[in-house]
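1. show me the folded form of this:
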Amino acid sequence: MGKVLIYATVSLDGFMAGPDVRPGVPMGDGGLRLHDWILRGAGSEVDAAVVRETSATTGAVVLGRRTFDVGLPVWEDTPYPVPCFVLTHRAHEPMVMKSGAFTFVTGGARDAVRQARAAAGDGNVVLMGATVSQECLAAGLVDGLRLQIAPVLLGAGLRLFGDRGPRGVELRRTEVRESAHVTHLWFDVLR
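-> Modelled structure (predicted):
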């Protein structure tokens, strides 16, 4: 069985998006710089290998409604070519896309992760979005974190772990990969 992983790129000061996230600007003002390692780092074999490995091992995605609402116009598809589960309070019929489908889950984080695990088979479940990541980590549903630390200070925006962060979560670093564009830090959550 795969793992449930928080997968996020953050600035050195802990922001995963700049200020004023909105439709058309899903990374907030200035936040797109966080993804230079994907968008402009194509020449880096380290970064390209991380993208390939993540794509190859992802079996399902859980994301929040806000991430869905602001991301869909940019993606015009699922963010990965796998089943995606949108954690929401508003019921919605499934949306079939080119590469997968969005299923809307109103039963909470545990239900969304349960459905995603079933759909993922042996693949990993990737968590997208700050709120979903925080909820799943607090509920003990997360097996690991795959963080990309971008050499950028945004100064404001959306923090991956809010203003205080989760309490009592112990991590063990399992891997570090460096490129000119980003530092990849992988952690397992200790239970």
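
2. right, and Asn124 touches Gly2 too?
-> Yes. Using CB atoms under 8 Å, Asn124 is in contact with Gly2, at 4.0 Å. No exception for glycine: its C-beta is placed from N, CA and C like everyone else's.

3. OK, contacts around the nearest residue to Gly155 once chain neighbours are set aside?
-> What sits nearest to Gly155 in space, not counting adjacent residues and going by CB to CB, 6 or more residues apart in numbering, is Asp13, at 6.7 Å. For Asp13, the contact set (CB atoms under 8 Å, 6 or more residues apart in numbering) comprises 153-155.

4. ok, Lys98 next?
-> Here Lys98 is in contact with Asp77 (CB under 8 Å, 6+ apart).

5. do Leu158 as well
-> Leu158 neighbours (CB under 8 Å, 6+ apart): 15-18, 21, 28, 130.

6. redo that, cut-off 6 Å
-> Leu158 makes contact with 16-17, 130 under the criterion CB atoms under 6 Å, 6 or more residues apart in numbering.

7. partners of it in the sheet?
-> Note on Leu158: beta-bridge partners Ala17, judged by DSSP bridges.

8. what helix or strand does the residue nearest to Gly155 sit in?
-> Using DSSP states H and E, Asp13 sits in no helix or strand.

9. who wins for neighbours among the contacts of Leu158?
-> Ala17 (28 neighbours; other CB atoms under 10 Å).

10. from what I see, that residue and Gly157 are in contact.
-> Yes. The criterion here is CB atoms under 6 Å, and Ala17 meets it with Gly157 at 5.1 Å.

11. between these two, what contacts are shared?
-> Contacts common to Ala17 and Gly157, judged by CB under 6 Å, 6+ apart, are Gly28.

12. filter the contacts of Asp13 to the buried ones?
-> Buried subset of the contacts of Asp13 (neighbour count, 16 or more other CB atoms under 10 Å): Leu154.

13. helix, strand or coil for Val46?
-> helix (DSSP: H, G, I helix; E, B strand; the rest coil).

14. grab the nearest non-local neighbour of it.
-> Ser179 (4.1 Å).

15. Glu45 is in contact with the one you found, correct?
-> No. Taking CB under 6 Å as the definition, Ser179 is not a contact partner of Glu45, at 8.3 Å.
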